[in-house]
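Colleague: got a predicted model here, sequence first, then my questions.
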Amino acid sequence: MRILICNDDGIASPGLAHLAAAAETISDDVWVVAPERKHTAAGASLTMAEPLTMRRTAERWYTCSGRPADCVVTAMTWLLAGDGRPDLVLGGINDGRNVAEDLAYSGTLGIAREASFWGVPAIGFSQVKSPEIRAGDDAWLGGLIADLWRRRADWVLEGHWLSINLPSSLPADIRQPSIGRDKIARRSEVVEQDGDRTVLVVPRGREKTTVEGDENSTIDAGYITINRINWFGETRLAEGFLRAQ
């Protein structure tokens, strides 16, 4: 099984190293393409009509000068193009949970979304900040990935991908929560004003909203959360609405 791993926290991220180590417990054909630096809230944005620089840093490890989703595109169109395309794409492990509005903004999930556009099964992994890393975690996570791969017929659909949040410590049981309501961009701060010119910063961090049965409450209870997400984000209008036009 050929596995491609990308992330949004950059090539030096500990989460990337842990995910690669987990994947290497189940496959000897693991490839890594990661951004040169951290890209927060990059979503599924792409670099179009501008140069992208790829650098090999180790065997089957590459950096990309672009955004997280660019890492998938460069792998699909150049590094692993044609018959070399991966069987599975993994994103992460993101430094911090991805819940609620994160599902739209997250570069980790943007990676999985981009992979789904190429018809490749994809999983985005995130974990709470400052997790308890213990010996055996990588092997256990590798086992989870292997199990998901074996059961892919139960979750792989066109334009769909999995979002998985890991709690502070592993192993853990898995739950499927409801999507939460955390808001990311709640406010902006004025950092400079000069006549008609105003400089604003949207600060990091947010107030955590927790509702029984949502992602936050489930993660905080020590469970792994899993949700299947899709990009067919359409809600059909009633036929009566169309006839009224």
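Modeller: That came through fine.

Colleague: pretty sure residue 3 contacts residue 27?
Modeller: Yes - between residue 3 and residue 27 there is a contact under C-beta atoms under 8 Å: 5.2 Å. The way it works is simple: take the backbone N, C-alpha and C, and place the C-beta from them, glycine included.

Colleague: more crowded one of those two?
Modeller: residue 3 (23 against 18; other C-beta atoms under 10 Å).

Colleague: dump the residue contacts of that one.
Modeller: Listed by C-beta atoms under 8 Å, 6 or more residues apart in numbering, the contact partners of residue 3 are 23, 27, 29-31, 86-90.

Colleague: likewise residue 79?
Modeller: When contacts are counted by C-beta under 8 Å, 6+ apart, residue 79 touches 31, 33, 54, 62.

Colleague: could you rerun that using 10 Å?
Modeller: Neighbouring residues of residue 79 by C-beta atoms under 10 Å, 6 or more residues apart in numbering: 4, 31, 33, 54, 56, 60, 62, 64, 71, 85-86.

Colleague: then residue 94?
Modeller: Residues near residue 94 by C-beta under 10 Å, 6+ apart: 7-9, 13, 15-16, 19, 40, 102, 106-109, 111, 124-127, 129, 163, 165-166.

Colleague: ok, now how distant is residue 172 from residue 161?
Modeller: Counting by C-beta to C-beta, to the nearest Å, the gap from residue 172 to residue 161 is 21 Å.

Colleague: tell me which of those two has more neighbours.
Modeller: Set residue 172 next to residue 161 and count neighbours by other C-beta under 10 Å: residue 161 wins out with 27 against 17.

Colleague: was I right about that one contacting residue 106?
Modeller: No - between residue 161 and residue 106 there is no contact under C-beta atoms under 10 Å: 11.4 Å.

Colleague: find residues that contact each of those two.
Modeller: Common neighbours of residue 161 and residue 106, counting by C-beta under 10 Å, 6+ apart, are 91, 112-113, 124.

Colleague: what values do phi and psi take at residue 116?
Modeller: The phi/psi pair for residue 116 (degrees, to the nearest 10) reads phi -60, psi -30.

Colleague: for it, list the residues it contacts.
Modeller: For residue 116, the contact set (C-beta under 10 Å, 6+ apart) comprises 72, 89, 122, 156-161, 229-231.

Colleague: among those, which ones are in strands?
Modeller: 89, 122, 160-161, 229-230 (DSSP state E).

Colleague: render the CA-only coordinates of the longest helix seen in the chain in CSV, please.
Modeller: For the chain, the helix with the greatest residue count under DSSP state H is helix 137-150. The C-alpha trace of helix 137-150 is given here as CSV (Å, rounded to 0.1, in the frame of the first residue of the first chain):
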residue,chain,number,x,y,z
ASP,A,137,1.2,5.2,20.4
ASP,A,138,2.6,5.0,16.8
ALA,A,139,2.0,1.3,16.5
TRP,A,140,-1.5,1.6,17.9
LEU,A,141,-2.3,4.5,15.5
GLY,A,142,-0.9,2.4,12.7
GLY,A,143,-3.2,-0.4,13.6
LEU,A,144,-6.2,2.1,13.5
ILE,A,145,-5.1,3.2,10.0
ALA,A,146,-4.8,-0.4,8.9
ASP,A,147,-8.3,-1.2,10.2
LEU,A,148,-9.8,1.8,8.5
TRP,A,149,-8.1,0.7,5.2
ARG,A,150,-9.4,-2.8,5.5
